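**Q** take this sequence and fold it.
(2 chains)
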Amino acid sequence: MKLSKAFKHALNMVMHSKLRSWLTIIGVVIGVASVIAIMSIGEGMEQDITSRLSGMGGDILTITPGLSRGRGPPGMYHIDSATATEEEVVLDRTDLQALKSILDISLINTEIKGSVEAYYLGKSGSVTLTGVDQKVWAQITTSEIREGRMLGSADQNVIVIGGRLADDYFDSPLGINKMITIEGSSFRVVGILDDQSTNIYMPIQMAYQVLDDKENDVYDSITVKIKNEDELDYAIETIEQKLMMARHVTEKDKDFTISSSKQVEETRSEMVSSMTTFLTAIAAVALLVGAVGTANTMFTSVLEKTKEIGIMKALGARNRDILAIFLLNAFLIGLIGGIIGIILGYLLSGVLPALMGGGGITGRFASGGVVTIESVLLSLLVAVGIGTLSGAIPAYQASKLKPVDALRYE
Amino acid sequence: MNNRKASNEENNVLIHLENVWKIYQMGEVEFAALRGVDLQINKGDFVAVLGPSGSGKSTMMNLIGCLDLPSRGSICLDARDISRLGESDLAQIRGRKIGFIFQQFNLIPTLSVLENVMLPMEFQEVDNGVARQRALELLEMVGLKDRVYHMPSQLSGGQRQRVAIARSLAVDPDIILADEPTGNLDSKTGRYILDFLNELHTNEGKTIIVVTHDLDLIKYAEKVVYIKDGEIEKVEYT
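**A** The predicted model follows:
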């Protein structure tokens, strides 16, 4: 029998026991979908973390006002900007002085951040402006310059801009030495960063003028570079003590947060990967159950079709024809289940992170699941493989039936 | 008549059973369904195998139809000993040389009438277009041209048996092997089926072997083999 004909008969078998076929297929679908969803969510989270990890210096600490409920990077947790008192908690010169007295710190960068309107050749847009201490920023930032230069100590009305702002944010590209208007003042572009951001960086003193609502010598965040990365924990401890003293607070009413982004992200990455492994293992069990279901269906099918097998053999079907029909039947169940499972898994991987997005481990995970070609091919292969494999023994049994016995079967 | 048959036997033998035994192991007990059967069937014969149930006639039909192998003795089909062949070769012989007609019709319920008739040709890897054409011709011949896309469940018993006949002719086999073909039909439809078989015999020279306990059938047959308790009681030429 030609393979195409065997395939036709296999398909016919699937179509004519619709309910049972579909129940079996659902078993495979659940298995494949959960594997795909979990693998892609895990992959997505890890890519997310890795991309952020690579852009972080291990020796950089960020100090922000307010106390976060854990030691995480800013934005990861809800921050109580106002603690027990209603008075706004800020970072200011006192804190800066306290930090300057710490020997473990080599560089201190103060930053303020705000949203501004930027105009260039008739087009305008709202972008994020970061005022940085231009004397140290170049050494403390992890951003790389693509064109031009970083900010220097003597700079005044100049800015460094993100890659996307330069390339296609405005109607025409914004190049080096071009003038751009920010909140009414003109600035000259001296450097373009090698990233995809629309950020603008300028000397902090200029930023105070541009951002009206910012008070002089009050900082949104302070980043420090410590001298010895190996003594990170010790440095954090020292900074914490000094700042608590300077701010007249105790451990109980601490009103600032020190975060080492890299440390946190690394821990998170480990947690994500072990969680992914664990969940994938559970999903694999679902897939296994699907396989057992397929085998069960196939055994039932063979039993139910015994008489037909006998008829086919009387009509000249060879053992391998019967084998092919039943194997292809199992293959089809695996294939259909696999394809539906992948689609469902893909959809789930888009929906689940949003549902989980409120907080916890996936807090800042925004990029959605990443369905890799590898995971799709792997799941399809596994689904088809498991389907065919679990159909192998029943199919072999079917093919070995003696025609005379099979014909007599009622 | 007998003499003419006898003289033709030498070069015209299609099926030759020689001392054929079929022994079933039933637990501790051995049961011999056939006990040393000798039988010759010639090309173009219309043979009726007659006997009460349990006489061994179904066993003999299974052996002739290459569905089973004898415990002892030899069966030659077209001068080829089939009693030592493997399942694959037997399937090949069944598929090419023998057309089966069963009492239960044995159509595949999930295939349409047309697909049922095409099925034996699919096992022989006949080109799809050719198979389809042939199946349509055969269905026209049995008067079911307007039923080709029906499912077997939508047909009456007589119509189903006609589909089965069309199917048995699909690969143009030398032998048509019918097991109680009229057993599940009323006498009128039964007679139509037998007339049709008779036509095949006279017009196309098919060798027809019918296993039955229907005495009506005897008048169509040229040769009646009476079988009882696993042995051939007598062979009559009509």
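**Q** so which bits of the stretch 1-150 of chain A are right by chain B?
**A** Contact residues, the stretch 1-150 of chain A versus chain B (Cβ under 8 Å from any Cβ of the partner chain): A:Met1, A:Lys2, A:Lys5, A:Asn12, A:Met13, A:His16. All C-beta spots, glycine's among them, are computed from the backbone N, C-alpha and C.
**Q** out of those, which is most surrounded?
**A** Of all those, A:Met1 has the most neighbours under the rule other Cβ atoms under 10 Å in any protein chain shown, reaching 23 neighbours.
**Q** residue of the stretch 51-200 of chain A closest to chain B, please.
**A** A:Ser51 (54.1 Å; Cβ to the nearest Cβ).
**Q** so how far is A:Ala281 from that residue?
**A** 26 Å (Cβ to Cβ, to the nearest Å).
**Q** how about stretch B:197-214 and chain A, touching?
**A** No - using Cβ under 8 Å from any Cβ, stretch B:197-214 never reaches chain A; the gap is at least 13.6 Å.
**Q** what does that stretch rub up against?
**A** By Cβ atoms under 8 Å, 6 or more residues apart in numbering or on different chains, the residues outside stretch B:197-214 that reach it are B:14-15, B:41-53, B:57-58, B:60-61, B:64, B:165, B:169, B:173-183, B:190, B:217, B:220-221.
**Q** how about 7 Å then?
**A** Residues outside stretch B:197-214 that contact it (Cβ atoms under 7 Å, 6 or more residues apart in numbering or on different chains): B:14, B:41, B:43-53, B:57-58, B:61, B:64, B:174-182, B:217, B:220-221.
**Q** also stretch A:7-22?
**A** A:Thr297, A:Ser301, A:Ile325, A:Leu328, A:Asn329, A:Leu332, A:Ile333, B:Thr110, B:Leu111.
**Q** which phi and psi does the residue positioned nearest the centre of chain B have?
**A** In chain B, the residue lying closest to the centroid (Cα atoms, centre = their mean) is B:Leu177, at 0.5 Å. When read as degrees, to the nearest 10, the backbone of B:Leu177 gives phi -110, psi 110.
**Q** what of B:Phe105?
**A** When read as degrees, to the nearest 10, the backbone of B:Phe105 gives phi 70, psi -40.
**Q** which element is the residue of the stretch 151-300 of chain A found nearest chain B on?
**A** Nearest to chain B in the stretch 151-300 of chain A, going by Cβ to the nearest Cβ, is A:Thr300, at a distance of 15.4 Å. For A:Thr300, the element it lies in under DSSP states H and E is helix A:261-304.
**Q** could you identify the helix or strand that succeeds that helix?
**A** Following helix A:261-304 in sequence order, the next helix or strand is helix A:306-314 (DSSP H and E).
**Q** what about dumping the CA coordinates of that next one to PDB?
**A** Backbone C-alpha positions of helix A:306-314 (Å, rounded to 0.1, in the frame of the first residue of the first chain) are rendered in PDB as follows:
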ATOM      1  CA  THR A 306      -9.800  -6.100  15.000                       C
ATOM      2  CA  LYS A 307     -12.500  -7.200  12.600                       C
ATOM      3  CA  GLU A 308     -11.600  -4.500  10.100                       C
ATOM      4  CA  ILE A 309      -8.000  -5.600  10.300                       C
ATOM      5  CA  GLY A 310      -9.100  -9.100   9.500                       C
ATOM      6  CA  ILE A 311     -11.100  -7.800   6.500                       C
ATOM      7  CA  MET A 312      -8.200  -5.700   5.200                       C
ATOM      8  CA  LYS A 313      -5.900  -8.700   5.500                       C
ATOM      9  CA  ALA A 314      -8.300 -10.900   3.600                       C
END
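**Q** how far off centre is it?
**A** The chain centroid and the centroid of helix A:306-314 are separated by 54 Å, computed with Cα atoms, centre = their mean, to the nearest Å.
**Q** same thing with stretch B:146-154?
**A** Centroid separation for stretch B:146-154 versus its chain: 24 Å, with Cα atoms, centre = their mean.
**Q** what do you get for stretch A:16-26?
**A** For stretch A:16-26 - counting by Cα atoms, centre = their mean - the centre lies 36 Å from the chain centre.
**Q** with stretch A:35-44 instead?
**A** Distance of stretch A:35-44 from the chain centroid (Cα atoms, centre = their mean) equals 10 Å.
**Q** name the residues of it that are buried.
**A** Buried residues in stretch A:35-44, counting neighbours by 16 or more other Cβ atoms under 10 Å in any protein chain shown, are found at A:Val35, A:Ile36, A:Ala37, A:Ile38, A:Met39, A:Ser40, A:Ile41, A:Gly42, A:Glu43, A:Gly44.
**Q** can you redo those residues as a markdown table with pLDDT, secondary structure and distance to B:Ile232?
**A** Below are the buried residues of stretch A:35-44 laid out as a markdown table (pLDDT from 0 to 100; DSSP: H, G, I helix; E, B strand; the rest coil; distance: Cβ to Cβ, whole Å):
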| residue | pLDDT | secondary structure | distance to B:Ile232 |
| --- | --- | --- | --- |
| A:Val35 | 84 | helix | 65 |
| A:Ile36 | 84 | helix | 67 |
| A:Ala37 | 84 | helix | 71 |
| A:Ile38 | 83 | helix | 71 |
| A:Met39 | 81 | helix | 71 |
| A:Ser40 | 81 | helix | 73 |
| A:Ile41 | 81 | helix | 76 |
| A:Gly42 | 81 | helix | 76 |
| A:Glu43 | 79 | helix | 76 |
| A:Gly44 | 78 | helix | 79 |
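**Q** can you pick out the most distant pair from the residues you listed?
**A** A:Val35 and A:Gly44 (14.7 Å; Cβ to Cβ).
**Q** what strand or helix carries the closest residue to A:Gly385 other than its chain neighbours?
**A** Nearest residue to A:Gly385, sequence neighbours excluded (Cβ to Cβ, 6 or more residues apart in numbering or on different chains): A:Gly334, at 7.2 Å. Secondary structure from DSSP H and E places A:Gly334 in helix A:319-356.
**Q** please point out which parts of that helix sit buried.
**A** Here helix A:319-356 shows A:319, A:321-342, A:344-346, A:348-350, A:352-353 as buried, counting by 16+ other Cβ under 10 Å.
**Q** about what we covered before: just the pLDDT for the residue of the stretch 151-300 of chain A closest to chain B.
**A** In this model, A:Thr300 is scored at 86, pLDDT.
**Q** try the one 5 residues further on
**A** According to the model's per-residue confidence, A:Lys305 sits at a pLDDT of 87.
**Q** ok, now which ones touch it?
**A** By Cβ under 7 Å, 6+ apart, A:Lys305 has no neighbours at all.
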